[in-house]
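K.L.:
Please find the sequence and the predicted model below.
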Amino acid sequence: MARFTLPRDVYYGKGTLEVLKTLKGKKAIVVVGGGSMKRFGFLDRAVDYLKEAGMEVQLFENVEPDPSVETVMRGAKAMQEFQPDWIVAMGGGSPIDAAKAMWAFYEYPETTFEDLITPFNFPELRQKAKFAAIPSTSGTATEVTAFSVITDYEKGIKYPLADFNITPDVAIVDPVIAETMPEKLTAHTGMDALTHAIEAYVSTLNSPFTDPLAIKAIQMVFEYLPASYQKDMSAREQMHYAQCLAGMAFSNALLGIVHSMAHKTGAAFSTGHIPHGCANAIYLPYVIQYNAKDETAKKRYADIAREAGLTGANDDELVKALCDKIDAYNVKLSIPKTLKEFGINEDEFKEKVAAIAELAVGDACTGSNPRAITPAEMEKLLNCTYYGTEVDF
C-alpha cells in the first residue's frame, strides 16, 4: 500500500500571510530565524494577524542556518513552558525544519533524538498543537513535506528526519515574502528545488501522483529561475510555486543520493560550510551520469529532458543534454562545478572522503535512489565531484 500526503490547506498568492488571522486557537508560538523576517516587517505582520485571531503570541527567535540539536531542544523547552496550540514557523528551511523537530519534543518530552532518526518512527503528533509553515525562500519546500534536517555539529553530520506526522497542517506560500531573497540564496534554493523534482521523478518510489508534480516543477524552474535570479519578481513568484510543487513530489516519492551526499558533506570540512542548495547543484550532473547507467533511470532522465524541451537522437544524448543544461544553469548562477573550485582543501578531502562515503551510503535518502551504490563507488563518485572527472563506472 502506498501513501500520498500533503498539508490539509495550501494557501498561495500575494498577501496570503493574512490567512493567519483565521486560525482557531488560544496560543501560538512563532519560530523564526536570524532577523530577516523582522527586518522586512513580516514577523510583526504575522504576530498582528495571530493576535487578531484572538491568540496570545510568543516568539522563538534566532534559529541558525542548518539548525542544531541544541536549538531544537531549547525550542521544545520553550513550547513546554508556553503550551501553544499552534506552532507557526516562518522563514527559510531552517526555522521550519527546527520547529518540526521541536514539535515532536514538545508533545513527547520523553522521546529522544535517536528515536526520531529512524525514518517514519515519530509518535502521533497533534495531541497539543497544529503546525503552520510560511516559507521565505524558494527551495526547501519544507512547508509541504514530511521532512526536517537537523545538524549534529559535534559529529559533523546532518540528520534528515522523515515522518508524515510532521507534514504541516497549513502552508502559506506568499510570494511577497520571497521577494526579499538575495541573489546567491535565490540561486542555491532554486537549484535545490530542481534537484528535489529530478530526484523525485527518478526515485524508486515515483508514482502517477508524484510524476506530474515533479515534471511541472522542473519545467517551471528551467523557465523562471534565471529571471528570478535577476530579480524579476513575477518570475520569483512562479519559482515560489515551482519549489512547492517539487516539495509535494519529493515528500511522497522521496529523494536520492544527491541529497545523501549533500547531507553528509555540508558540515564536514573545516574550510567552510557548503550551502545545501549549492552542494545539490554541484553533485546533480555527476549523480545523473552515475544513475543513468541503470536503464530504467536513463529512460526517466530522458523523459525529463524531453519535457524540458531538449532534443537528442537517443536516450544517451538526451541524458547528456540534461546534464549540459544543468551545467549551463550553474554557470549562469555562479555555482562552482567542483568541490575543489568551491574551495574544499584537497588534503582534508582525501583524508575524509572514505568516511563521508560510508555515511552518505547510510543516509536515509539512499534507499530510494534508482541505482544501488556501495561505499567504494560512493567514494569514487565524490572524487569525481571534487576533481570534475567523468563518471564512467
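P.N.:
Thanks, I have the structure now.

K.L.:
So residue 45: helix, strand or coil?
P.N.:
Secondary structure state of residue 45, per DSSP: H, G, I helix; E, B strand; the rest coil, is helix.

K.L.:
wait, it sits on residue 19?
P.N.:
No. Proximity of residue 45 to residue 19 does not meet the contact threshold set by Cβ atoms under 8 Å, at 11.8 Å. All C-beta spots, glycine's among them, are computed from the backbone N, C-alpha and C.

K.L.:
And the two? Which one has more around it.
P.N.:
Regarding residue 45 and residue 19, a neighbour count based on other Cβ atoms under 10 Å identifies residue 19 as having more, with 18 against 15.

K.L.:
OK, contacts around the more buried one?
P.N.:
11, 49, 170, 172 (Cβ atoms under 8 Å, 6 or more residues apart in numbering).

K.L.:
what does residue 340 give?
P.N.:
Residues near residue 340 by Cβ under 8 Å, 6+ apart: 346, 349, 386, 387, 388.

K.L.:
one more time with 7 Å
P.N.:
Remark: with contacts taken as Cβ atoms under 7 Å, 6 or more residues apart in numbering, residue 340 is in contact with 346, 386, 387.

K.L.:
roughly how far apart are it and residue 388?
P.N.:
Plainly put, residue 340 is 7 Å away from residue 388 if you go by Cβ to Cβ, to the nearest Å.

K.L.:
What does the pLDDT read for the closest residue to residue 140 other than its chain neighbours?
P.N.:
Leaving aside its chain neighbours, residue 140 sits nearest to residue 93 (3.2 Å; criterion: Cβ to Cβ, 6 or more residues apart in numbering). The pLDDT attached to residue 93 in the predicted structure is 90.

K.L.:
Residue 93 contacts residue 141, correct?
P.N.:
No. The pair residue 93 / residue 141 is not scored as a contact, 8.3 Å apart, by Cβ atoms under 7 Å.

K.L.:
Now do the strands in the chain.
P.N.:
9-12, 27-31, 56-60, 86-91, 130-135, 147-152, 157-162, 170-173 (DSSP state E).

K.L.:
Worst mean pLDDT among those strands?
P.N.:
The weakest mean pLDDT among these belongs to strand 157-162, with a mean of 79.

K.L.:
State the paired neighbours of that one in the sheet, together with their directions.
P.N.:
Take DSSP bridges as the rule and strand 157-162 pairs in its sheet with strand 147-152 (antiparallel).

K.L.:
May I have the partner strand as PDB, with CA atoms only?
P.N.:
Output of strand 147-152 as PDB, limited to C-alpha atoms (Å, rounded to 0.1, in the frame of the first residue of the first chain):
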ATOM      1  CA  PHE A 147      11.000  16.000   6.300                       C
ATOM      2  CA  SER A 148      13.300  18.100   8.500                       C
ATOM      3  CA  VAL A 149      17.100  18.300   8.500                       C
ATOM      4  CA  ILE A 150      18.800  18.900  11.800                       C
ATOM      5  CA  THR A 151      22.600  19.100  12.300                       C
ATOM      6  CA  ASP A 152      24.700  17.500  15.000                       C
END
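
K.L.:
what about residue 219, distance to residue 137?
P.N.:
Here the distance between residue 219 and residue 137 works out to 20 Å (Cβ to Cβ).

K.L.:
Looking at these two now, which is surrounded by more residues?
P.N.:
More crowded of residue 219 and residue 137, by other Cβ under 10 Å: residue 137, with 28 against 17.

K.L.:
Can you pull the phi/psi pair for that one?
P.N.:
As for residue 137, its main-chain torsions (degrees, to the nearest 10) stand at phi -120, psi 160.

K.L.:
Scan the contacts of residue 340 and report the most crowded one.
P.N.:
Note: the member of these with the most neighbours is residue 386, at 19 neighbours, neighbours being other Cβ under 10 Å.

K.L.:
show me what contacts that one?
P.N.:
Applying Cβ under 7 Å, 6+ apart, the residues near residue 386 are 338, 339, 340, 349.

K.L.:
farthest residue from the center of this protein?
P.N.:
With distances taken as Cα atoms, centre = their mean, the residue sitting farthest from the centre of the chain turns out to be residue 313, at 33.9 Å.

K.L.:
how close does that one get to residue 198?
P.N.:
22 Å.

K.L.:
before we move on, what about residue 368?
P.N.:
Going from residue 368 to residue 198 by Cβ to Cβ gives 13 Å.

K.L.:
If you count surrounding residues, which of the two has more?
P.N.:
Under the criterion of other Cβ under 10 Å, the comparison of residue 368 against residue 198 puts residue 198 first, with 32 against 20.

K.L.:
Tell me which stretches of the stretch 101-250 of the chain form helices.
P.N.:
Per DSSP state H, counting those that start in this stretch, the stretch 101-250 of the chain has helices spanning 113-117, 175-178, 183-202, 211-229, 233-253. These are given in chain order.

K.L.:
what about the residue nearest to residue 140, how many residues close to it?
P.N.:
Neighbours of residue 93 (other Cβ under 10 Å): 29.

K.L.:
just residue 328 next, same as before
P.N.:
Going by other Cβ under 10 Å, the residues that sit close to residue 328 add up to 11.

K.L.:
Residue 389 now?
P.N.:
Neighbour number of residue 389 under other Cβ under 10 Å is 12.

K.L.:
How about residue 155?
P.N.:
11.

K.L.:
From residue 267, how far out is it?
P.N.:
With the distance defined as Cβ to Cβ, residue 155 ends up 9 Å from residue 267.

K.L.:
Check residue 297 too.
P.N.:
If you measure residue 297 against residue 267 using Cβ to Cβ, the figure is 29 Å.

K.L.:
Those two: which is more packed in?
P.N.:
In this view residue 297 and residue 267 are compared by other Cβ under 10 Å, and residue 297 has more residues nearby, 22 against 18.

K.L.:
can I assume that one is in contact with residue 289?
P.N.:
No. Look at residue 297 against residue 289 with Cβ under 7 Å: they stay out of range, at 10.8 Å.

K.L.:
Nearest spatial neighbour of residue 10, chain-adjacent residues omitted?
P.N.:
In this structure, residue 10 finds its nearest non-sequential neighbour in residue 171, 4.6 Å apart by Cβ to Cβ, 6+ apart.
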